[in-house]
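K.L.:
Have a look; sequence and predicted model below, questions after that.
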Amino acid sequence: MFVLASTNAQKQNSATHGVVPLQKPRPGQWVETVWGNPDQPGEPFVIRIHADAGYIILPHTHLVDENIVVLQGVWSLGMGARFEPAVLEQLDVGAFAFAPKNMAHFGWSKTETTIQVHGVGPFASKLVDPAYELTDKGTLLLTYLLRPGTPTQTVPTECFGWKIGTRVRGDAGEGTVVGARCSPANQFTQYWIRKPNGERFWATSQELKRM
């Protein structure tokens with residue numbers, strides 16, 4: 001569900017000067033590699049992660065320390081192996097957060113957000129517990145964030161009560177389901193909704209009503 005993007009800066013030699021402006025928000029979830037290669041062991045990297053309002057980042061860990069700066073929007077971070085809204089700490093634009101390697105943590109985008117992450121590779125976001133992703137091409141099993149899942153026919157019955165194209169309404173507005181993620185371990189499903197004007201937001205099944 002996340003789209004990977006690149007910039008000219010990552011193609012330059014690390015010893016040269018480079019400026020990477022902050023890009024304007026665009027619909028959807030996407031990751032921008034700003035500098036370096038996050039997959040390369042021992043290499044410094046900078047990436048930007050763009051998320052729509054309401055998006056819950058499921059509990060996960062990294063093999064390396066994660067340094068986070070909020071560039072746009074209001075974002076929250078919490079520590080633990082289960083998503084607990086009560087322990088989220090809100091970070092406004094300019095705030096810095098640090099997640100030590102191997103420590104389980106999670107996040108939430110109150111608004112449309114862009115966070116910048118830097119560190120020394122290899123960088124990967126391994127889920128504490130597998131999750132399921134509903135797409136227009138079928139259902140995927142996720143073991144990592146920011147990586148494609150694998151197709152699966154085995155999905156817990158409690159995961160997806162609504163399918164792609166279902167019309168729903170919530171506090172953030174009304175629209176059509178264009179995707180969803182289910183975390184059985186955390187006991188919730190979050191739906192990705194596209195409004196008639198093209199804007200998108202996330203909301204859990206408890207926050208939505210079918211139209």
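P.N.:
That came in fine, so what should we check first? Given the structure is predicted, the values throughout are model-derived calculations rather than measurements.

K.L.:
For stretch 117-135, which residues meet the burial criterion?
P.N.:
For stretch 117-135, the neighbour count (16 or more other Cβ atoms under 10 Å) marks 117-125, 127-128, 131-135 as buried. All C-beta atoms are positioned from the backbone trio N, CA, C, and that covers glycine.

K.L.:
Report the mean per-residue pLDDT for that stretch.
P.N.:
Average pLDDT, stretch 117-135: 97.

K.L.:
How far does it stretch from one end to the other?
P.N.:
Stretch 117-135 has its terminal residues 27 Å apart, counting by Cα to Cα, to the nearest Å.

K.L.:
can I assume Phe188 is in contact with Thr204?
P.N.:
Yes. Using Cβ atoms under 8 Å, Phe188 is in contact with Thr204, at 5.1 Å.

K.L.:
which among the buried residues of stretch 117-135 gets closest to Ser76?
P.N.:
Nearest to Ser76 out of the buried residues of stretch 117-135 is Val117 (Cβ to Cβ; 15.3 Å).

K.L.:
picking that back up, Phe188 and Thr204: which has the busier surroundings?
P.N.:
Phe188 (18 against 14; other Cβ atoms under 10 Å).

K.L.:
beta partners of that one?
P.N.:
Ser183 (DSSP bridges).

K.L.:
Could you do Ile57 as well?
P.N.:
Bridge pairing for Ile57 - DSSP bridges - gives Gly107.

K.L.:
Go ahead and confirm it touches Thr113.
P.N.:
No. Counting by Cβ under 8 Å, Ile57 sits too far from Thr113 to count as a contact (10.3 Å).
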